[in-house]
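S.K.: next one to model:
(chains A and B)
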Number of protein chains: 2
Amino acid sequence: MPRRLKFTISYDGTEYHGWQVQPGLATIQGTLEEVLSQIEGTRVDVVGSGRTDAGVHALAQVAAATLHNPIPTMNLRKAMNRLLPRDIRVLEVREAAADFHPRFQAVAKTYEYRIYREEICPPFERRYVHHHPYPLDERAFCEAASLYEGTHDFTAFAAADEKDSLGATKARTIFSSTARREGARLVYRVRGSGFLKHMVRNLVGGLLEAGKGNLTLQDLAALLRNPAARKLGYAVPACGLFLIGVEYE
Amino acid sequence: MPRRLKFTISYDGTEYHGWQVQPGLATIQGTLEEVLSQIEGTRVDVVGSGRTDAGVHALAQVAAATLHNPIPTMNLRKAMNRLLPRDIRVLEVREAAADFHPRFQAVAKTYEYRIYREEICPPFERRYVHHHPYPLDERAFCEAASLYEGTHDFTAFAAADEKDSLGATKARTIFSSTARREGARLVYRVRGSGFLKHMVRNLVGGLLEAGKGNLTLQDLAALLRNPAARKLGYAVPACGLFLIGVEYE
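M.R.: All right, here's what the predicted structure looks like:
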């Protein structure tokens, strides 16, 4: 009997060319497929809740695969973690509905972006933050964050080569968008119905421009109202970005 | 005029073959010498407070060098951090006495060893902890830690190839030796007059053996009283070890 399984996965994306399989390159999806295929004894496909770019991390990415192997979920988790490199960990394996699809059925995703504000970035943080020690109006940065909340056409915040596989619309709903200081870090957290390619990094880029005084709140609001006018093109480095979690009904 | 300079340095030791220069291998000392030589325009030697092994980290290692370049210390720090890889950071540069020697003049050093106790080690922690999720009597581990305090002959806790450059004695004074749980981590901290090669890792190895029930407190005490009897040989992995600081008069 085929079993549909839901995997919750954490990874340090530093050494990977992103989530999606690419021939000859180390990717998260490719590494998971290798390990599951080894356990299953035949080729296994893994579907994720969405792609993460090269260098982006995940506290709890969600993926699914169909296996015939009757191994109990806890043992499967242990077997996977024994075979996986230490920068990818399976946190949980659960039985799922036969039609479970991590991308189409996701109702919300949360991302976090971490900016390290002090002059010297500790060596132990460097893989997990964007180091930006330069002058910044953090109050303007935090105030601008709430502008993104609501349903907007985020074309201006998408990658130039964004292709919207869900149809023509680039409208997305942002449920919450907030930023605050946590020690040496300025942390931006956004929860939304879905995100376009590079969207979170462009959202952060917009906030940084607001904090630098290069964009006013009105400028940012105009990008949401008149998205076709231009691409923002301020994507910040991948290393500060974490997929925090994916929600389902 | 030659200037003696004191450097406080933090590094992620994961990618390095330890502190000491080795031909053809990346080391902390070698990397610092390259960068300082580049700034000075001629070969500069760097002396550290002591060697750290391959993979060992430092929150605040101390080193010294003599330069003729009159560059202000703050600018020198910035120039070094621009040239150094991001896993080595110069935290501070200060003018020092002409005869300042980071090893001979050190009066105390503090090390910390971090053991990750939960079943799944987060990808973001893996480079900075020893993952030991197995059963352990942590109370016995913590109780045993205080045994090391005082002045003892630590021969039984030294590397097999330890050569004591300070003379024949392998006596060292441990000012404090404590362990406690901090969230998912069991953290051992030791402050002493000096440490033999591999000594901290063998001290931790002894505590782990106590926690596993393989050594009693009496067994550990006997190793301190009768050091020549045998080598402990329980050195734990380097990745959990941090040099926390070096003290001077």
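
S.K.: in a helix, A:K78, correct?
M.R.: Yes. Assessed by DSSP: H, G, I helix; E, B strand; the rest coil, A:K78 belongs to a helix.

S.K.: which elements pack onto the helix or strand bottoming out on mean pLDDT in chain A?
M.R.: The helix or strand of chain A with the lowest confidence, counting by mean pLDDT, DSSP states H and E, is helix A:217-225 at a mean of 90. Secondary-structure packing of helix A:217-225 (3 or more Cβ pairs under 8 Å, 6 or more residues apart in numbering or on different chains; DSSP states H and E): helix A:138-145, helix A:199-212. All C-beta spots, glycine's among them, are computed from the backbone N, C-alpha and C.

S.K.: now render these as CSV, adding distance to B:D53 and mean neighbour count.
M.R.: As requested, the helices and strands packed on helix A:217-225 are exported to CSV (distance: least, Cβ to Cβ, whole Å; neighbours: other Cβ atoms under 10 Å in any protein chain shown):
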stretch, distance to B:D53, mean neighbour count
helix A:138-145, 40, 19
helix A:199-212, 38, 24
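
S.K.: tell me the domain ranges of chain A?
M.R.: A:3-96, A:107-248 (automatic domain parsing).

S.K.: ends of the shortest one, what's the gap?
M.R.: Its first and final residues considered, domain A:3-96 spans 8 Å by Cα to Cα, to the nearest Å.

S.K.: likewise for the last one?
M.R.: End-to-end span of domain A:107-248 (Cα to Cα): 5 Å.

S.K.: A:K6: what's it in contact with?
M.R.: By Cβ atoms under 8 Å, 6 or more residues apart in numbering or on different chains, A:K6 lies in contact with A:62-64, A:92-96, A:100, A:102.

S.K.: let's see if you can find the most crowded of those.
M.R.: A:V62 (26 neighbours; other Cβ atoms under 10 Å in any protein chain shown).

S.K.: get me the contact residues on chain A for chain B.
M.R.: A:10-12, A:57, A:81, A:86-89, A:91, A:120-124, A:126-128 (Cβ under 8 Å from any Cβ of the partner chain).

S.K.: the same query, at a cut-off of 6 Å, please.
M.R.: A:10-12, A:86-87, A:89, A:120, A:123-124, A:126 (Cβ under 6 Å from any Cβ of the partner chain).

S.K.: and these, which are buried?
M.R.: A:10-12, A:87, A:89, A:120, A:123-124, A:126 (16 or more other Cβ atoms under 10 Å in any protein chain shown).

S.K.: would you list the residues you listed in CSV and tack on pLDDT and secondary structure?
M.R.: Converted to CSV, these look like this (pLDDT from 0 to 100; DSSP: H, G, I helix; E, B strand; the rest coil):
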residue, pLDDT, secondary structure
A:S10, 98, strand
A:Y11, 98, strand
A:D12, 98, coil
A:D87, 97, coil
A:R89, 98, strand
A:I120, 97, coil
A:P123, 97, coil
A:F124, 97, coil
A:R126, 96, coil
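
S.K.: alright, I will stop here.
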